[in-house]
Structure formats: C-alpha cells, structure tokens
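> build me a structure from this.
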Amino acid sequence: MTATQARKPVVLVVEDDPDNSSLLKSYFSGHGYEVQIAVRGPEGLAAARKQIPDLILLDIVLPEMDGLAVCQALRASPRTSYIPVIFLTEKAATSDRLAGLSAGAQDYLTKPYDLEELRLRVKNLIARAERDNLLDPHTGLPTGIMLQDQLKRAAGQPGWWKVEGRIDSFRSFVDSHGFAAGDDVLKFAAHLLREVVHADGAPDDFIGHPVNDTFLILTAAPDPAALGEKLRARFDEEVQAHYSFMDREQGYVLLRNADGQPVQAPLMTLKVTTQAA
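Numbering: from 1, shown residues only. Predicted coordinates:
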C-alpha cells in the first residue's frame, strides 16, 4: 500500500435478490469499496458483528428476518449501533418510509434507484461519521464522542471489563518505515481485534480506537484476561510480518538520534491491561 492509498470503506449489502446484490457489488467495488454480501437477515447481523462495516445497504423484504427487525437489532447492540443504514426497498408508501426511519435507518431509497445517487449518499454518510469524530479514518473503529458514550454506558455495570491494548514502539516503527506502513499496522491491529472479539468475546462487545497507538475493548466475556492474552500473543507474532527479514533477525530497527548517532529501537509489541469498566 502506497502513501496515497487510503483504507477501503466496507459496505455490507443485505439483499436476497442475486441480481441486485451482484450489481451493487460490481458497482461499489469499481468505485473503491470493499463489498460484503449477505442474503438473509440473521446472516447480515452476524456479518455486521464480525466485520463492522462502514455502512449497510439493507433490503426490507428478506427471508427469515425482515430488514426492519435487522435494523432494530443492529441499533440494540453497542457493537453495531453506530453503523449507518440505508434501506433499499420496493415499498414506496410514506408509512413504509417512516417505519424504516423509525427502525433506525439514516436513509431510505425505493427501487429502482439511481446508482450514482446511491453512491453519493453512501459516500456522504461515511464522511459524516468521520467528520463528526465518530470513526477513526484509518481503522473505521469508533472514537471520540461515540467511544466516550460507550465508556459511560459500561461504567459501573457488573460483568463489563475494559481491555486496553497499546502498541509499544509504534512511533519508532513509523519513524523507520513511514506513515503508510504505520497505517497498515493500525489496519492490521483493528482486523485482529475484530477477529479475537468475534471468536472469544460476547455478542455486544464494543471495540474502539481512542488514540493512534491504542485500542480499547469493552467486553462482557467470561474471561476478559484470556481474551486480552490471546490478543497480545497473536499481535506480537503476526506484527512481525510488517518488518523486513533483517529487522526480525536482529530484533530491532536502527534509527538516528538528534546527534545523528545510531539507536536501536525494539520491535513492536502489544501491552494489554484489563480492568473493570
């Protein structure tokens, strides 16, 4: 990834019509988005909790669980409550639109819709979330006001824990490898957190990115210390891929101090702390 490349926004399409979903995937992929497809409501919920997309395009008429119920379930969970939702539906009546907006959607388009108009609505909703200091632009994880709201929600509640992970030597890595490489490490860390929380956390666990080198999990997992240890062990092992063979062999990167003298900086590791929320 070059310095001019940004993180691809992730759009989750929940649509049971294969022609519609294929069209949306082809169109948005061609405009620089990563597109995930789910064909049923429960599948869409599971995908949203695992991947945490930047936005969801949600059909209302779905098998097993309709789009209104899916949207309500998204809003009820701290992990997915902030994800923007656009309903795509053939239901054009005012009552249907009001029902969709009442369920928690940010927008509502009736079929057939103009793809360029839809793309602009998607772009604007994602940009608004970043502009309002809701999502970190590098990782797509909640930050700022949204993170503070979740911390207040969990404060003092029995069974909730804060698992904080701070990347030691991240600044040294950026100094030696550049900002684009540092952004890649942050994206890797965010992806790893999602994987670990999905596998070992609770359904409503929340993942945030308060500052550049620090991540935070609010978890109701039965063993938060074990979750944190798994996260630390995987990070320390897998982050090695971001270094050169020489860096890994010698166990450090070489920098220059203010006097121009060589200084050894250790490789990145994750420092994890766990405490009651």
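> tell me, how many residues neighbour the closest residue to Val174 other than its chain neighbours?
Take Val174 and drop its neighbours on the chain: the residue closest to it by Cβ to Cβ, 6 or more residues apart in numbering is Gly182, 3.9 Å away. For glycine as for every other residue, the C-beta is placed from the backbone atoms N, C-alpha and C. The number of residues packed near Gly182 is 21, by other Cβ atoms under 10 Å.
> what helix or strand is Gly182 located in?
Per DSSP states H and E, Gly182 falls inside helix 179-200.
> for Ala127, what are phi and psi?
phi -60, psi -40 (degrees, to the nearest 10).
> just the pLDDT at it, thanks.
Reported pLDDT at Ala127 in the predicted model: 90.
> tell me the pLDDT at Ala3?
40.
> restricting to C-alpha, output stretch 247-254 in PDB.
Taking Å, rounded to 0.1, in the frame of the first residue of the first chain, the C-alpha atoms of stretch 247-254 are listed here in PDB:
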ATOM      1  CA  ASP A 247      14.800  -6.500  11.300                       C
ATOM      2  CA  ARG A 248      13.300  -9.700  12.600                       C
ATOM      3  CA  GLU A 249      16.600 -11.500  12.800                       C
ATOM      4  CA  GLN A 250      18.300  -8.700  14.800                       C
ATOM      5  CA  GLY A 251      15.200  -8.000  16.800                       C
ATOM      6  CA  TYR A 252      15.300  -4.200  16.400                       C
ATOM      7  CA  VAL A 253      15.200  -1.300  13.900                       C
ATOM      8  CA  LEU A 254      18.000   1.100  13.600                       C
END
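> that older thread, check the gap between the residue nearest to Val174 and Phe235 for me.
Separation of Gly182 from Phe235 (Cβ to Cβ, to the nearest Å): 15 Å.
> residue contacts, Gly30?
By Cβ atoms under 8 Å, 6 or more residues apart in numbering, the contact set of Gly30 is empty.
> picking up where we left off before, following element in sequence after the helix holding Gly182, please.
From helix 179-200, the next helix or strand downstream (DSSP H and E) is strand 206-211.
> that next one vs helix 179-200, what angle?
160 degrees (axes from the mean of the first three to the mean of the last three Cα atoms, to 10 degrees).
> list the strands paired with strand 206-211, with their directions.
strand 214-219 (antiparallel) (DSSP bridges).
> neighbouring contacts of the one helix or strand Leu88 maps to?
If you go by DSSP H and E, Leu88 is part of strand 85-89. Applying Cβ under 8 Å, 6+ apart, the external contacts of strand 85-89 come out as 15, 20, 55-61, 67, 71, 74, 96, 100, 104-111, 113, 118, 121-122, 125.
> please work out the average pLDDT along it.
pLDDT averaged over strand 85-89 gives 92.
> just checking: what are the partner strands of it?
strand 55-59 (parallel), strand 107-110 (parallel).
> stretch 42-52: which residues count as buried?
Glu43, Gly44, Leu45, Ala47, Ala48, Arg49, Gln51, Ile52 (16 or more other Cβ atoms under 10 Å).
> so the third one: helix, strand or coil?
By that I understand Leu45. Secondary structure, DSSP: H, G, I helix; E, B strand; the rest coil: Leu45 is helix.
> wait, isn't it in contact with Val70?
Yes - contact status for Leu45 versus Val70: in contact at 6.0 Å, counting by Cβ atoms under 8 Å.
> tell me the contacts of the nearest residue to Leu186 once chain neighbours are set aside?
Closest residue in space to Leu186, ignoring its immediate chain neighbours: His138 at 4.8 Å, by Cβ to Cβ, 6+ apart. When contacts are counted by Cβ under 8 Å, 6+ apart, His138 touches Arg7, Asp183, Leu186, Lys187, His209.
> of those, which one scores lowest on pLDDT?
Arg7 (79).
> now do it against Gly104, distance only.
25 Å.
> then Asp19?
For Asp19, the distance to Gly104 - Cβ to Cβ - is 27 Å.
> likewise Leu135?
Counting by Cβ to Cβ - Leu135 and Gly104 are separated by 17 Å.
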